[in-house]
Structures are given as structure tokens and as C-alpha cells.
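A.B. asks: Coordinates for the following, if possible.
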Amino acid sequence: MKFRIATLTDLDKITALEHICFPPNEAASRESFIKRLEFFPGHFWVLETESQLVGFINGMVTDNETIVDEMFADAHLHNEEGKWQSIFGLAVSPDFRNQGYAGQLIRHFINKAKEQERAGVTLTCKEYLVPFYEKFGFRDLGVSTSVHGGAIWHDMTIQF
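C.D. replies: I've put the predicted structure just below:
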């Protein structure tokens with residue numbers, strides 16, 4: 001297994017995995033991934049075996065402590081000098097689930113944010129995932145103002 005920064009050559013696999021892992025109203029589009037790879041390529045990581053995509057994690061850097069819906073729609077809002085590393089998406093192939101790979105991706109992203117001297121990492125998740133993210137040190141800030149995909153989200157942060 002190895003981590004590497006995603007490239008446009010990964011686009012088809014990333015998009016396919018996103019649509020396996022998220023319902024249609026929440027899944028990022030191919031066009032959204034193109035913008036993310038264009039505007040914040042250093043914040044889009046894949047985990048792979050020799051020939052297979054295991055999973056990925058991505059998100060922009062911002063001065064917002066929490067994620068707002070506009071961030072999903074506008075990659076231009078990325079601010080490389082921002083305080084907070086956000087997580088927009090974490091996806092693991094069904095073939096590799098329940099083997100700790102999601103945790104490896106999260107820890108990798110947290111470590112990169114620490115190396116870059118960010119204030120912390122922010123994400124939104126559904127209520128049933130709150131305990132999962134708390135295992136990595138994230139704190140639940142309660143129900144988010146985000147209504148992305150028509151779902152109810154919780155704001156989660158880990159501050160360094």
C-alpha cells in the first residue's frame with residue numbers, strides 16, 4: 001500500500017468509487033473532482049496497491065473552522081495559506097473495507113495538516129459516524145449549517 005497525491009489520470013477511478021460510496025445527491029461529480037485536482041492537488045490523496053485504488057481523501061484549505069456548502073461548489077475558495085484543512089470526501093473501496101484503510105487515510109491527512117502547521121482539520125459527517133471520527137480526536141460541534149445533498153450533518157474538528 002502506498003499514499004500518493006491524486007492526478008487527473010486517477011479521475012475515472014476516483015469518480016467511480018465516489019459514486020459507489022455516496023448516494024447520488026451527495027456524491028461529487030467528475031467536474032467537481034477536476035476542479036479539486038486543479039485548485040488543491042496537494043490536498044487530494046489516494047491509497048493504492050500495485051494496481052488498485054483502495055481509497056481517497058480530499059479537501060480544501062480554508063480559514064473557516066467549519067465547512068459551508070459553498071466550499072463544495074467553488075474550488076476557488078481554496079486558500080493555501082488558510083488555517084484549517086477540510087475533509088470533503090473519504091472513500092474506501094468495498095473490497096477493502098473493515099481493514100483499517102479509512103483510518104490510515106484520516107491519519108495521513110491529519111499528519112499532513114500538522115506538517116503544514118494548520119490549526120486543525122474540519123469535516124462534516126452524519127450522526128452515525130460521529131463516534132468513528134472521535135476515535136481520531138475529532139470533537140463534535142453539533143448539527144452543521146451545511147445541508148449538502150439534503151442531509152443532516154455534524155461539524156467535527158480536531159484542533160492541534
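A.B. asks: give the contact list for the nearest residue to residue 44 once chain neighbours are set aside.
C.D. replies: Leaving out its chain neighbours, the residue that sits closest to residue 44 by C-beta to C-beta, 6 or more residues apart in numbering is residue 58, at 3.9 Å. C-beta here means a position set from N, CA and C on the backbone, and glycine is covered the same way. Residues in contact with residue 58 (C-beta atoms under 8 Å, 6 or more residues apart in numbering) are 6, 36, 40, 43-45, 87-89.
A.B. asks: Among the residues you listed, which are located in helices?
C.D. replies: Per DSSP state H, helices hold the following members of these: residue 36.
A.B. asks: Return a ChimeraX selection command for the buried portion of the contacts of residue 58.
C.D. replies: Only the buried entries of the contacts of residue 58 go into this ChimeraX selection, using 16 or more other C-beta atoms under 10 Å:
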select :6,36,40,43,44,45,87,88,89
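A.B. asks: What about the contacts of residue 58, which are in strands?
C.D. replies: 44-45, 87, 89 (DSSP state E).
A.B. asks: can I get those residues in a markdown table with distance to residue 151 and pLDDT?
C.D. replies: Shown next, in a markdown table, are the ones in strands among the contacts of residue 58 (distance: C-beta to C-beta, whole Å; pLDDT from 0 to 100):
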| residue | distance to residue 151 | pLDDT |
| --- | --- | --- |
| 44 | 22 | 98 |
| 45 | 24 | 98 |
| 87 | 16 | 98 |
| 89 | 14 | 95 |
